[in-house]
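Q: Let me see the structure of the following:
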Amino acid sequence: LRRVQVVPVLLGTAISQPDGSTDDYEMHCQAMMLLFKPWQSFKDLKIDDKTWAESFEQQNFAPVFCSIIINMNVENECKEAQDVHA
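A: As a prediction, this is how the structure comes out:
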């Protein structure tokens, strides 16, 4: 465990917003599962016949992870708003 709290910053392409198209939502759910569900293989993340969205919605994340997920969405919304008004 870390002794000092840090805020991770993801580099690269932005994570899809959950309020976009169906494909965007699927990509968002996949990213959240990869980041916040413990896994060693993709089979740990979702069952073959389920979508990423179904797997994400059935996952019971710890409250701290739910808070982080919400904050990530807010951060992306702020970045998008800044780009629009720049």
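Q: The nearest residue to residue 29 once chain neighbours are set aside: what's it in contact with?
A: Spatial nearest neighbour of residue 29, excluding adjacent residues (CB to CB, 6 or more residues apart in numbering): residue 56 at 3.6 Å. The way it works is simple: take the backbone N, C-alpha and C, and place the C-beta from them, glycine included. By CB atoms under 8 Å, 6 or more residues apart in numbering, the contact set of residue 56 is 29-30, 32-33.
Q: do that again at 10 Å, thanks
A: By CB atoms under 10 Å, 6 or more residues apart in numbering, the contact list for residue 56 reads 18, 25-26, 28-33, 36-37, 45-46, 50, 69.
Q: Distance of it relative to residue 72?
A: Using CB to CB, to the nearest Å, residue 56 is found at 14 Å from residue 72.
Q: Give me the common contacts of these two.
A: Contacts common to residue 56 and residue 72, judged by CB under 10 Å, 6+ apart, are 18, 28, 31-32.
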